[in-house]
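Enquirer: Provided below for reference: sequence and predicted model.
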Number of protein chains: 2
Amino acid sequence: MNKNITIGEIARLAGVSKTTVSRVLSGKTNLVKDETLENISKIIKEQNYKPSIIARSLRTKKTKLIGLIIADIENPFYSRVAKGILDEAEKLNYTIIISNSNHSTSLEKKLLDTFINRQVEGLLLATIKLEENMVRILQKAGIPFILIDTKTDIESVSYVTSDNYYGGKLAAEYFIQNGHRNIGYLRCDKLSSFRERMLGFKKTLQQNSLNHDYEVSLEEITCIGKIFSDLKTLIRDEKITAFFAGNDYIAIQVLKYLTNELKLTVPEDLSLIGYDNISISSAAMVPLTTIMQPKYSMGKIAFEQLMQLINDNQIKGTAKIVFKPELLERKSVKKINCNKG
Amino acid sequence: MNKNITIGEIARLAGVSKTTVSRVLSGKTNLVKDETLENISKIIKEQNYKPSIIARSLRTKKTKLIGLIIADIENPFYSRVAKGILDEAEKLNYTIIISNSNHSTSLEKKLLDTFINRQVEGLLLATIKLEENMVRILQKAGIPFILIDTKTDIESVSYVTSDNYYGGKLAAEYFIQNGHRNIGYLRCDKLSSFRERMLGFKKTLQQNSLNHDYEVSLEEITCIGKIFSDLKTLIRDEKITAFFAGNDYIAIQVLKYLTNELKLTVPEDLSLIGYDNISISSAAMVPLTTIMQPKYSMGKIAFEQLMQLINDNQIKGTAKIVFKPELLERKSVKKINCNKG
DNA sequence: GTGAAAGCGCTAACAT
DNA sequence: ATGTTAGCGCTTTCAC
């Protein structure tokens, strides 16, 4: 019944003007007599009145809304990042509107529009394939945004990632150190993070004079099943002994495939490295050796940086944060022979 | 620059009134001459004009906003449910505002307020501990809501869950069939789903004249580490051979603990059953026998039901949807001896 | 088929 | 310390 109670009604009950009530609402209490303040506060509480954020937003142009586009909320990497974002948003009294793009660029474009129309104050993009025209649209709309786990060549675009090139390098070096020579990897050009990982990986193979063409190519990151037959071929024909899966989520699916379908053993028949260190990789059939990146922190810091961009809007700043990933040694890589020591 | 373009500006450029532009915007094209329509559409496109959803919401009282409160987005069960919700919302052109409550009842209360203030049209509550006064607040505000994976005794509250009592029963029966006699389980009273699972489980033990007091109690679902020492005691002193972990997320952490800390083997030293069938339970160290519930569908259907409640608001309907869970046999339960056949 | 005018609930000058 | 007024950008009578 009190769902339609407005500031005017409170003002009437308190015998003051809407302005005064508004001042109480926005904490400008120094402009209100103590007595009046108390009275108004009492009535607000009694009536359980809550100001309309919509009306306020329309007036102030501040929505306290941040848009979040996530490629795949089901991938534990992203859901951990999301948690970092959500926790931080809660602290700062911002509300998050979220969408799952399923890695679809066209959907991401549409979502961008929706979020702009909703007048979000900023945008967090967790793996969008950012095209130039999207950047233009965002900049034209004056909406600051930060990419997470993605990079772009476009100057003046902010991002929070780990050093994926370096991460790829770490993986390759580890395989090599452990005596692997025929090493395969998954390639997916759709994600910039994957591209960088593979670049660092491939380059390192090359520098060690190893064949760097044992690649399995993935068009659509959503259809991981499609790589399996190519992977099988690489194992059979090229005798690869190691495979860099690009991320843990995929690595675990590969692990399942190898074990259940091909009846192969990891790491005896094939060694595997993932990326991300998602929470279950330590409890996988074979505990997964992986490249770790600080997911929660990445979400948290992305949010903090976005706040800065929003608040310092006079200086059109750019945030470029890159974490150093680390290799986490577990049990999915076979030590064929040790070059070290 | 065109960030401030409004309907008035479009009207001016087209040489018509705001009303006419508004009619084009809302698809009331039968009220507009073809010629005018085309002209206006052209200008809208040229100017890349997007109507302010805020202003529209203020006027129409429709926000196209649904609030989603999730207990722990990082738990793959919830993130899968969330995906079902998000995909469906996208289809129906609704926007989701999301928060992670970390299982905190006080935070959930606060979030409820925030979401009401934002004038969400409906609310999806994935495991909130719903107190009576919350229900009153919601009903007073006239906001329909649906609980996911939770139930309540309060009449007229809608929910989408699986039959947790039956799920618990399935788990107990399976242990018993496989020859287990000393069977432990995790108890957590905070979540209604857990309570029901444990009730069904315990009752079944009882009906089979087995000890049903081998319980490990968990106060805060966020601190799973705390159950370990109790679990250890149960294994040592009571010689339990099987343990029902309440959900897969916890089961996997128990699995890690047993393997890494206690150097025990599953299922040789302890058999384990989880719940939910999260995507990685099939790839766990020991593929997890679990009770499956249709997570994605639950999210999807919860959203659909909420739409119904929103649209049929004259009839104050209630949706009570209960899925039948199924036991998924994998490798985490030892067959001590077979009673069957 | 089109437009003028009012108003959604709030805040922000600008008075007083 | 408080009130008056105007207006955010849209939709919706009601009139023409």
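Expert: Cool, got the structure. Numbering: from 1, shown residues only, chains lettered A, B, ... in the order given.
Enquirer: Looking at the host helix or strand of A:Ser41 now, give me its mean pLDDT.
Expert: When elements are assigned from DSSP states H and E, A:Ser41 belongs to helix A:34-47. Taken as a whole, helix A:34-47 has a mean pLDDT of 92.
Enquirer: Near DNA strand C, which residues of the stretch 51-200 of chain A are found?
Expert: Residues of the stretch 51-200 of chain A lying close to DNA strand C by Cβ under 7 Å from any atom of the strand are A:Pro51, A:Ser52, A:Ala55, A:Arg56, A:Leu58, A:Arg59, A:Thr60. Where C-beta positions appear, they are placed from N, C-alpha and C, glycine not excepted.
Enquirer: dump the residue contacts of the second one.
Expert: The reference is to A:Ser52. A:Thr6, B:Leu58, B:Asn117, B:Gln119 (Cβ atoms under 8 Å, 6 or more residues apart in numbering or on different chains).
Enquirer: Over to the fourth one?
Expert: The contact partners of A:Arg56, by Cβ under 8 Å, 6+ apart, come to A:Lys62.
Enquirer: got the phi/psi numbers for it?
Expert: The phi and psi values for A:Arg56, taken as degrees, to the nearest 10, are phi -60, psi -40.
Enquirer: What pLDDT does the model give it?
Expert: Reported pLDDT for A:Arg56: 94.
Enquirer: Strands of the stretch 151-300 of chain A, residue ranges please.
Expert: Remark: strands assigned in the stretch 151-300 of chain A by DSSP state E, counting those that start in this stretch are A:158-162, A:183-187, A:215-217, A:242-244, A:271-273, A:290-292.
Enquirer: which residues touch A:Phe175?
Expert: By Cβ under 8 Å, 6+ apart, A:Phe175 lies in contact with A:Ile183, A:Ala242, A:Phe244, A:Ser271, A:Ile273, A:Val333.
Enquirer: how does it look with 6 Å?
Expert: Counting by Cβ atoms under 6 Å, 6 or more residues apart in numbering or on different chains, A:Phe175 makes contact with A:Ile183, A:Ala242.
Enquirer: ditto for the one 10 residues further on
Expert: With Cβ under 6 Å, 6+ apart as the criterion, the residues that contact A:Tyr185 are A:Phe201, A:Glu215, A:Phe244.
Enquirer: check whether the worst-scoring helix or strand of chain A on mean pLDDT contacts chain B.
Expert: Here the helix or strand of chain A ranked lowest by mean pLDDT, DSSP states H and E is helix A:132-141, holding a mean of 86. Yes: applying Cβ under 6 Å from any Cβ of the partner chain, one finds helix A:132-141 touching chain B at A:Ala141.
Enquirer: Just the buried positions in that helix, please.
Expert: Buried residues in helix A:132-141, counted by 16 or more other Cβ atoms under 10 Å in any protein chain shown: A:Met134, A:Val135, A:Ile137, A:Leu138, A:Ala141.
Enquirer: Neighbouring strands - and their directions - for the helix or strand just after it?
Expert: Using DSSP H and E, the helix or strand that follows helix A:132-141 in sequence is strand A:145-148. Applying DSSP bridges to the sheet, strand A:145-148 is found paired with strand A:122-126 (parallel), strand A:158-162 (parallel).
Enquirer: Just say which of those strands is most tucked in.
Expert: strand A:122-126 (a mean of 25; mean count of other Cβ atoms under 10 Å in any protein chain shown).
Enquirer: Now do that strand: distance to the chain's middle.
Expert: Strand A:122-126 sits 9 Å away from the centroid of its parent chain (Cα atoms, centre = their mean, to the nearest Å).
Enquirer: and if you look at stretch A:160-178?
Expert: Taking Cα atoms, centre = their mean, one finds stretch A:160-178 lying 20 Å from the centre of the chain it belongs to.
Enquirer: State the number of residues packed around A:Thr60.
Expert: Each residue near A:Thr60 was counted by other Cβ atoms under 10 Å in any protein chain shown, and the total is 10.
Enquirer: Which strand residues bridge A:Phe323?
Expert: Applying DSSP bridges, one finds that A:Phe323 bridges with A:Ser162.
Enquirer: how close does it get to DNA strand D?
Expert: Using Cβ to the nearest atom of the strand, to the nearest Å, A:Phe323 is found at 39 Å from DNA strand D.
Enquirer: what's the closest residue in space to A:Val254 that isn't next to it in sequence in contact with, if anything?
Expert: For A:Val254, ignoring the flanking residues on the chain, the nearest one in space by Cβ to Cβ, 6 or more residues apart in numbering or on different chains is A:Ala245 at 5.4 Å. Neighbour list for A:Ala245: A:Leu186, A:Ala251, A:Val254, A:Gly274 [criterion: Cβ under 6 Å, 6+ apart].
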